[in-house]
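Engineer: show me the folded form of this:
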Amino acid sequence: MNTAQKMMAAATVALMLFQPLISQANPQHDRMRNCNKTAKEKALKGDERKAFMKTCLSGKHADTAPLASAKPVAGAKPVKK
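Structural biologist: Purely as a prediction, here's the structure:
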């Protein structure tokens, strides 16, 4: 193996190792996963599912579980319901 091949192999291994960390770091993916799970549990279909997903992904739907990766913002005031 020459140097270029070794570097390419190392870069490929690094990408494979860090891919799970990269995908878990995105809160939008977490929200999408949670909304899809809730919609599936409720057996929503068609326009009803579309409307649910729109409100859920915007963060306005109360039926979804909070994101595990969500952290409170320092200095933020709590939202009154």
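Engineer: tell me how far residue 3 lies from residue 37.
Structural biologist: According to CB to CB, to the nearest Å, residue 3 stands 47 Å off from residue 37. Quick note: C-beta positions are derived from backbone N, CA and C, even for glycine.
Engineer: of these two, which one has the most company?
Structural biologist: Higher neighbour count among residue 3 and residue 37: residue 37, with 12 against 7, using other CB atoms under 10 Å.
Engineer: determine the three-state secondary structure at the more buried one.
Structural biologist: helix (DSSP: H, G, I helix; E, B strand; the rest coil).
Engineer: distance check, it against residue 30.
Structural biologist: Applying CB to CB, the value for residue 37 to residue 30 is 11 Å.
Engineer: where does pLDDT dip in this structure?
Structural biologist: Where the chain drops to pLDDT under 70, the residues are 19-25, 61-81.
Engineer: try 50 this time
Structural biologist: Counting by pLDDT under 50, the ranges of the chain that qualify are 67-71, 73, 81.
Engineer: and the lengthiest helix in the chain, which residues are buried?
Structural biologist: Ordering each helix of the chain by length in residues (DSSP state H) puts helix 3-24 first. Residues of helix 3-24 classed as buried under the neighbour-count rule (16 or more other CB atoms under 10 Å) do not occur.
Engineer: how about the CA coordinates for that helix, as PDB?
Structural biologist: Written as PDB, here are the backbone C-alpha positions of helix 3-24 (Å, rounded to 0.1, in the frame of the first residue of the first chain):
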ATOM      1  CA  THR A   3       0.800   6.500   1.200                       C
ATOM      2  CA  ALA A   4      -2.200   7.800  -0.700                       C
ATOM      3  CA  GLN A   5      -4.000   4.400  -0.200                       C
ATOM      4  CA  LYS A   6      -3.200   4.400   3.500                       C
ATOM      5  CA  MET A   7      -4.600   7.900   3.900                       C
ATOM      6  CA  MET A   8      -7.700   7.000   2.000                       C
ATOM      7  CA  ALA A   9      -8.200   3.900   4.100                       C
ATOM      8  CA  ALA A  10      -7.700   5.900   7.300                       C
ATOM      9  CA  ALA A  11     -10.200   8.500   6.200                       C
ATOM     10  CA  THR A  12     -12.800   5.900   5.300                       C
ATOM     11  CA  VAL A  13     -12.400   4.200   8.700                       C
ATOM     12  CA  ALA A  14     -12.700   7.600  10.500                       C
ATOM     13  CA  LEU A  15     -15.900   8.400   8.600                       C
ATOM     14  CA  MET A  16     -17.400   5.000   9.400                       C
ATOM     15  CA  LEU A  17     -16.600   5.500  13.100                       C
ATOM     16  CA  PHE A  18     -17.900   9.000  13.400                       C
ATOM     17  CA  GLN A  19     -21.100   8.600  11.300                       C
ATOM     18  CA  PRO A  20     -23.300   7.500  14.300                       C
ATOM     19  CA  LEU A  21     -22.100  10.500  16.300                       C
ATOM     20  CA  ILE A  22     -22.800  12.900  13.400                       C
ATOM     21  CA  SER A  23     -26.300  11.600  12.900                       C
ATOM     22  CA  GLN A  24     -27.200  11.700  16.600                       C
END
